[in-house]
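Have a look at this prediction, sequence included:
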Amino acid sequence: MKVLNFAVISFSSIFILYYGKFFLLPLFLALFFYIILNSISKNLIDFTKKYLFVINEAFSFFFIFLLSLTFAYFLFQLLKINVVSIIENSDQYQKNLNFFLELISRNTILEAFFSENLLKDINLIGFFSNLLNLIKSFTGNFTLVLVYLIFIVIEEKFFIVKLNLVLKNENKKKLFSKINNDIYNYFRIKTFTSLLTALFTFIILFFLNNELSITFAIFAFFLNFIPYIGSLLAVMLPSLFATIQFMEFFTPILTLILLLISQIFIGNFLETKLMGKTLNISPIALIIFLSLMGKIWGLVGMFLSVPLLVILIIFLNNFKETKKIAIFLTEKGID
């Protein structure tokens with residue numbers, strides 16, 4: 001009966017997430033952006049308290065919000081300019097690509113991995129035009145996220161009061177506090193390592209004269225939030241583009257090696273050291289959840305998959321009926 005109840009709840013949740021994505025997706029994004037901004041704001045307060053002077057929480061959050069908004073606007077403008085400049089030179093890139101596709105078509109071993117229709121349908125002009133439209137579309141949708149974010153900030157003070165009235169049980173308050181702390185720690189560290197990944201990607205590609213260095217650096221920041229697949233794409237896409245741009249193999253191989261070293265250092269060493277035991281998720285469970293969220297909410301769903309899975313594990317772990325499910329979702333079991 002308990003298994004049946006869990007199955008019903010799971011399918012109901014998937015149904016709600018899929019058909020309610022038009023308002024749930026921007027709401028979830030706004031909540032996670034709020035967590036990031038709030039965490040940076042608290043770090044700023046701690047820093048000023050220790051070295052300079054004490055600043056107000058509202059002022060700190062407003063300052064970080066405006067700074068982040070200005071920075072995001074600046075980055076998206078750079079991204080748009082970079083993509084437009086590539087579209088203007090896409091004829092030459094298309095010729096280079098056609099040359100490589102012709103080589104593949106002549107090689108019987110390589111041709112086995114690519115269908116004839118796939119080789120004919122690759123169009124860089126169309127790809128970059130769609131990318132530019134995607135950037136413009138995201139900028140438009142981001143306005144709705146900002147509206148949700150503003151209302152979350154306004155509602156925060158009243159929400160805490162209402163939460164304390166509803167959660168009179170101390171165990172429930174601890175549960176909410178644990179979720180809040182885990183998500184806060186995850187995003188604080190992930191944002192820092194994603195910024196480092198983007199910076200390293202830009203420096204490597206800039207010195208290798210990659211014309212999409214800005215675009216790939218911004219992509220690297222967001223892709224770093226997608227486990228496994230994101231890191232792979234952040235390495236492979238610039239390397240493949242370098243092959244088309246330079247029409248030789250030394251620069252693409254060097255690009256691949258340097259980006260791979262950067263990803264291994266940040267992802268396998270630095271991030272693991274900083275996070276410690278913060279994330280204890282089964283790789284199989286993560287891949288399944290990643291695919292599911294990708295199907296329901298697309299790339300944004302994949303971006304949000306880890307924090308949502310962390311929340312799910314914490315909830316399941318705090319109830320006797322579902323504790324065994326939580327254990328199976330973890331990598332090493334729950335302490």
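Received, thanks.

Tell me where the stretch 201-335 of the chain is predicted with low confidence.
275-280, 318, 332-335 (pLDDT under 70).

mind listing the helices for it?
213-223, 229-246, 250-263, 271-275, 283-317, 323-329 (DSSP state H, counting those that start in this stretch).

Against Ile214, how distant is the most centrally placed residue in the chain?
For the chain, the residue nearest the mean C-alpha position is Phe225 (3.2 Å; C-alpha atoms, centre = their mean). For Phe225, the distance to Ile214 (C-beta to C-beta, to the nearest Å) stands at 19 Å. All C-beta spots, glycine's among them, are computed from the backbone N, C-alpha and C.

do Ile266 as well
19 Å.

hmm, back to that, nearest spatial neighbour of the residue nearest to the centre of the chain, skipping sequence neighbours?
Phe303 (4.8 Å; C-beta to C-beta, 6 or more residues apart in numbering).

Surely the one you found and Phe222 touch.
Yes - the criterion here is C-beta atoms under 8 Å, and Phe303 meets it with Phe222 at 6.7 Å.

between these two, who's got more neighbours?
Per other C-beta atoms under 10 Å, whichever of Phe303 and Phe222 has more neighbours is Phe303, with 22 against 16.

winner for burial among the helices of the stretch 201-335 of the chain?
helix 213-223 (a mean of 23; mean count of other C-beta atoms under 10 Å).

For that one, give me every contacting residue.
With contacts defined as C-beta atoms under 8 Å, 6 or more residues apart in numbering, helix 213-223 is touched by 75, 78-79, 82-83, 86, 194-195, 197-199, 201-202, 205-206, 210, 230-231, 233-234, 237-238, 241, 303.

Roughly how far does the residue nearest to Phe225 sit from Ala326?
23 Å.

Could you do Glu156 as well?
Taking C-beta to C-beta, one finds Glu156 at 29 Å from Ala326.

And Phe249, by the same measure?
48 Å.

residues in contact with Phe33?
Val145, Leu149.

same thing but 10 Å
Taking C-beta atoms under 10 Å, 6 or more residues apart in numbering, we find Phe33 in contact with Phe65, Ser68, Ala72, Phe142, Val145, Leu146, Tyr148, Leu149, Ile152, Phe187.
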